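Chemist: The following block contains a protein sequence and its predicted model.
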Amino acid sequence: MRVKTGTSSMRAVFILTLYTVVSLAVCGVAVPATASPTFINGGSITTDTTWTPEGSPYVVTGRLTIQAGATLTVDPGTVAKLDGRVSSGITCLGRLNATGSAEDPIYFTSIFDDSVAGDTDGDGGRIMPKPGTAGDIGVQGAGASLNLKRCKVRYGGKYGCGISCWANGATSVTIDHCEFSDSNGCVNCNASPISVTNSTFSSSPTGLYLYDCANPTVSGCKFIGGLWGVTMSATGSMTLNDNLFQGTDKAVVLQNPSNLSGTVNIKGNSAVGGKINGVLLDGCNVSGDLRLTCDPKLPYVIRSVTVSHGATLTLDPGLVAKFDLNGGITFYGTLKANGNSFAPIYFTSIRDDSVCGDTNGDADQSSPLPGDWKCINLIYQNSATMSYCIVRYGGQGSYSDSAAISLSGGCRLSATNCTIAKNLRGIYSLGASYLSDAVDLTNCIVAANSEYGCFVGGTGCAFDHNDFWPDTGNSYGTSPVMT
């Protein structure tokens, strides 16, 4: 046995453990081979320190702090057990570098985990490890950094917000080829640059919670089960590439009620078996220019989005936006949704499995209907430019002005080569005389809308080579220019 701090108290723990092991052996109970532990009763690391397999397992029984300017290096094959019976964990104000290998990963686990470094707590396997029986790993403050590679982090989430690993205001966080499992929550990162690659998150309610992080990257990861895989809000670009979400209730959530902007880069992802197999935008306020890129297998799911005055939402060709039931987007700013003949942009229902598959995860238990979602609502002197867009199954509401695309207060809609079909109501313009809306439709199809296809007013409207059918239920409003 090796004791780093708290020698007298740890001697008592060791004597009790030895007595338990001997008693079990006398009674004929098989006791796994156990390495001699190094006990660390909290305290501080003030100089560069290395943990090795020879010193394993390291049993942390208090809050250990890596002070600013110091580095804790953890070698491949090292085992650290963070004792969840007491307030244990690691807080890094300096640098924590834990780099394992494929053959010799590093373990951060529970003292009850007998599968690595043996029966450290000496109970003969009587107590099984479970979520929340290990302490946490955290990094905090300017100049602090966390680098985890080829690590297995298990059974965490006892303290704080129930997370195994966290960062707050750190300089950098890098996680690569790691496995997080069997915890109350995996990684929570706040206001810290973070890169998570080639890692697995399983048997935990939450995977990654990245809040107000600069240019976060999540790539090549696998999320199995849980309530959500990635919850993300960021400044700058958000990158989400080549990830798999399997049986996760909500694959990805974009959430920032006050300041969503930048670029959402998504590519090569897939989500199956969840309740929201896509990127959910719920309660989002777009305060600056925001661009959403296209992933053919991962649609955006719209619940509630507001685009503020002066902001522009740009949608890339091929993007699929599925509205949750009762969902909608309100524009005080600008919409640019320009697809092409090979990659149209879809605005449709979450029940629509014909594009991007079974997004609501109910197999064939539901079918899309006119009025499933509310509207694209243009309010007060803003504009929307749409080309090669397909808008269907919208127009929910009990009033005649509740249409899939609704304009009021002097807005302008310019739509070219678009299809407005199978909505409860298609396009509505209030057309008030003091702030007249303008609706320009060119080469569009307005078809099979239940109550009306296009109801517009105002002198600034122009229709050019459009196809309206059937005639019943399609109103062109007052004084449109028909060419």
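Modeler: Perfect, I can see it now.
Chemist: can we go C-alpha only for contacts and neighbour counts from here?
Modeler: OK.
Chemist: what about T330, helix or strand, and which?
Modeler: Using DSSP states H and E, T330 falls within strand 320-331.
Chemist: Which parts of that strand count as buried, going by neighbours?
Modeler: By 16 or more other Cα atoms under 10 Å, the buried positions in strand 320-331 come out as 320-331.
Chemist: want to try CSV for those, with distance to T120 and pLDDT as columns?
Modeler: Below are the buried residues of strand 320-331 laid out as CSV (distance: Cα to Cα, whole Å; pLDDT from 0 to 100):
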residue, distance to T120, pLDDT
V320, 52, 98
A321, 52, 98
K322, 51, 98
F323, 52, 98
D324, 50, 96
L325, 52, 94
N326, 54, 91
G327, 53, 95
G328, 55, 95
I329, 56, 95
T330, 58, 94
F331, 59, 95
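Chemist: ok, back up a step: strand partners (parallel or antiparallel) of the strand holding T330?
Modeler: With DSSP bridges as the criterion, the sheet partners recorded for strand 320-331 are strand 300-307 (parallel), strand 345-349 (parallel), strand 376-379 (parallel).
Chemist: Please work out which of those strands is packed deepest.
Modeler: Most buried of the strands paired with strand 320-331 by mean neighbour count (mean count of other Cα atoms under 10 Å) is strand 345-349; its value is a mean of 27.
Chemist: got the CA positions of it in CSV?
Modeler: What follows is strand 345-349, C-alpha atoms only, in CSV (Å, rounded to 0.1, in the frame of the first residue of the first chain):
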residue,chain,number,x,y,z
ILE,A,345,-35.3,22.2,-49.6
TYR,A,346,-38.2,20.6,-47.7
PHE,A,347,-40.5,22.2,-45.1
THR,A,348,-42.6,19.3,-44.0
SER,A,349,-44.1,17.4,-41.0
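Chemist: Can you tell me the SS state at the closest residue in space to K422 that isn't next to it in sequence?
Modeler: Spatial nearest neighbour of K422, excluding adjacent residues (Cα to Cα, 6 or more residues apart in numbering): N449 at 4.7 Å. Following DSSP: H, G, I helix; E, B strand; the rest coil, N449 is assigned to coil.
Chemist: burial of N449, as a residue count?
Modeler: The number of residues packed near N449 is 28, by other Cα atoms under 10 Å.
Chemist: State the distance from it to N340.
Modeler: Distance, N449 to N340, by Cα to Cα, to the nearest Å: 23 Å.
Chemist: same thing with N198?
Modeler: Taking Cα to Cα as the measure, N198 falls 34 Å from N340.
Chemist: and what of G43?
Modeler: Distance, G43 to N340, by Cα to Cα: 62 Å.
Chemist: ok, which stretches of the chain are helices?
Modeler: Using DSSP state H, the helices of the chain run over 7-26.
Chemist: M386 bridge partners, please.
Modeler: With DSSP bridges as the criterion, M386 is bridged to A337, A415.
Chemist: Neighbours of it, how many?
Modeler: By other Cα under 10 Å, the residues close to M386 number 21.
Chemist: My read is that it contacts A337, right?
Modeler: Yes. If you go by Cα atoms under 8 Å, M386 and A337 touch, sitting 4.8 Å apart.
Chemist: where does the stretch 251-400 of the chain have low pLDDT?
Modeler: Low-confidence regions of the stretch 251-400 of the chain, defined here as pLDDT under 70, cover residues 256-258, 398-400.
Chemist: next one: the stretch 51-200 of the chain
Modeler: Counting by pLDDT under 70, the ranges of the stretch 51-200 of the chain that qualify are 159-162.
Chemist: hang on, the earlier thing: comparing G43 and N340, which shows the higher neighbour count?
Modeler: Per other Cα under 10 Å, whichever of G43 and N340 has more neighbours is G43, with 17 against 14.
Chemist: Identify the residue nearest the more buried one in space, chain neighbours excluded?
Modeler: Excluding its sequence neighbours, the residue lying closest to G43 (Cα to Cα, 6+ apart) is L64, at 5.1 Å.
Chemist: Now do the contacts for the one you found.
Modeler: Contact analysis of L64 by Cα atoms under 8 Å, 6 or more residues apart in numbering lists 40-45, 88-91.
Chemist: Out of those, which comes closest to P105?
Modeler: Checking the contacts of L64 against P105 by Cα to Cα gives I90 as the nearest, at 18.7 Å.
Chemist: Could you tell me which residues make contact with that closest one?
Modeler: Neighbour list for I90: 63-66, 135-138 [criterion: Cα under 8 Å, 6+ apart].
Chemist: and if we set it to 10 Å?
Modeler: I90 is in contact with 42-44, 60, 62-66, 82, 96, 135-139, 165, counting by Cα atoms under 10 Å, 6 or more residues apart in numbering.
Chemist: go on, C389?
Modeler: C389 sits next to 317-320, 337-341, 343-347, 415-420, 444 when contact means Cα under 10 Å, 6+ apart.
Chemist: Would you mind checking these for buried ones?
Modeler: 317-320, 337-339, 343-347, 415-420, 444.
Chemist: Partner strands of the longest strand along the chain, with direction?
Modeler: Ranked by residue count and defined by DSSP state E, the top strand of the chain is strand 276-292. If you go by DSSP bridges, strand 276-292 pairs up with strand 250-254 (parallel), strand 260-267 (parallel), strand 300-307 (parallel), strand 312-315 (parallel).
Chemist: Give me the distance from the third one to the chain's centre.
Modeler: The offset between the C-alpha centroid of strand 300-307 and the centroid of the whole chain comes to 15 Å, using Cα atoms, centre = their mean, to the nearest Å.
Chemist: got it, and stretch 345-352?
Modeler: Counting by Cα atoms, centre = their mean, stretch 345-352 is centred 21 Å from the centre of its parent chain.
Chemist: quick one: V253 and V301 touch, right?
Modeler: Yes. Under the criterion of Cα atoms under 10 Å, V253 makes contact with V301 at 9.2 Å.
Chemist: so what sits against both of these two?
Modeler: With contacts defined as Cα under 10 Å, 6+ apart, the residues shared by V253 and V301 are 276, 278-282.
Chemist: now, among those residues, which is nearest to D114?
Modeler: Using Cα to Cα, I276 is the member of these that lies nearest D114, at 36.9 Å.
Chemist: residue contacts, that closest one?
Modeler: Going by Cα under 10 Å, 6+ apart, I276 touches 228, 247-253, 299-301, 324, 350, 358-362.
Chemist: Look up how far V218 lies from the closest residue to it other than its chain neighbours.
Modeler: Of all residues not flanking I276 in the chain, K250 sits nearest, at 4.7 Å (Cα to Cα, 6+ apart). The gap separating K250 from V218 is 16 Å, by Cα to Cα.
Chemist: what does V279 give?
Modeler: According to Cα to Cα, V279 stands 14 Å off from V218.
Chemist: Quick check: neighbours shared by the two?
Modeler: Taking Cα under 10 Å, 6+ apart as the contact rule, V279 and V218 both touch 230, 266.
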